[in-house]
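> next input, structure requested:
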Amino acid sequence: MSKTFRLPLLAALPAVLAGCGGDPDLNQYRRTSFNSYAECVRAYQPQIARGLQNPCQKTARTGGGSFYYGPYFFAGRSNTRYLGYDRSGGVAGQGLSFDSKGSVRTFSKPGTGRGGFTSGSRSRGGGSFGG
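Reported below is the predicted structural model:
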């Protein structure tokens, strides 16, 4: 008795994976630093208005004082992704993706969830975040 394997599904796998949008590794994201919480919030007001949660994180400076990091962001060809912070100061599990047509979608942090994305477009008001 011989086993027969059908390859059409396996042969299509690279095309399916390529269609996921090439979810960037978190190491490819960048952050901007600010001298005050107010500066950070002002810089990301459009993203906050569309639902970005906890966009600014307080960080101690070496030698005293502090500064604020803005959200992690990745500027791709067709969209820009933003990841804020969770309540403990780590990277949030979900962020927002803004495309060139003005659509906003949620996505899961790289390395979490299946395929790195969750469903849905959203346009909700600003959230709460600490300073």
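> low-confidence regions, the chain specifically.
Residue ranges of the chain with pLDDT under 70: 1-24, 112-131.
> do a quick rundown of the helices in it.
Ranges of helices in the chain, per DSSP state H, are 8-18, 37-43, 45-49.
> elements contacting the second one?
Here helix 37-43 is seen to pack against strand 66-69 when contacts are counted using 3 or more C-beta pairs under 8 Å, 6 or more residues apart in numbering; DSSP states H and E. Every C-beta, even on glycine, is put in place using the N, C-alpha and C of the backbone.
> direction included, what does the strand it packs on pair against?
Applying DSSP bridges, strand 66-69 is found paired with strand 33-34 (antiparallel), strand 57-60 (antiparallel).
> Phe98 touches Arg50, doesn't it?
Yes - assessed by C-beta atoms under 8 Å, Phe98 is found in contact with Arg50 at 7.3 Å.
> who touches both of those two?
Shared contacts of Phe98 and Arg50 (C-beta atoms under 8 Å, 6 or more residues apart in numbering): Val104.
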